[in-house]
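Q: the sequence isn't on hand, but the structure is:
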């Protein structure tokens, strides 16, 4: 598969989400919440004839990696008016990494290796 085609389709999806978000907070949020990047990745892997186990593993690990990102969507709107956009984004990134690390440590006790 042509990498430029993949870039174009993936970029188009991001632009469409941002355009919807400009027009409607709710619709933009809903579309952004859809796992568009994951779906595109699964399609690209499939079309490139990757082994089914690799495709399944991608979906499996994506599930676990999404969980630590969820608090960001509550922290970001709370902190935005208090600390500004860039500081808020930085704080959210640090918090997400910390939650991911804690989740990875917790799950390793159950045989799920994320790191």
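A: In hand now; what should we look at? Every value quoted in this text rests on a predicted model; they were computed, and no experiment measured them.

Q: CA atoms for contacts and neighbours, from now on please.
A: Will do.

Q: grab the longest helix from this protein for me.
A: helix 85-108 (DSSP state H).

Q: quick one: average pLDDT of that one?
A: Throughout helix 85-108, pLDDT has a mean value of 97.

Q: residues touching it, excluding its own?
A: With contacts defined as CA atoms under 8 Å, 6 or more residues apart in numbering, helix 85-108 is touched by 65, 68-69, 71-72, 75-76, 79-80, 112-115.

Q: just the buried ones out of these, please.
A: 68-69, 72, 76, 79 (16 or more other CA atoms under 10 Å).

Q: on that earlier part again, dump the contacts of helix 85-108 to CSV, plus secondary structure and distance to residue 52.
A: Formatted as CSV, the contacts of helix 85-108 follow (DSSP: H, G, I helix; E, B strand; the rest coil; distance: CA to CA, whole Å):
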residue, secondary structure, distance to residue 52
65, helix, 20
68, helix, 26
69, helix, 26
71, coil, 31
72, helix, 32
75, helix, 37
76, helix, 36
79, helix, 42
80, helix, 42
112, coil, 20
113, coil, 20
114, coil, 20
115, coil, 22
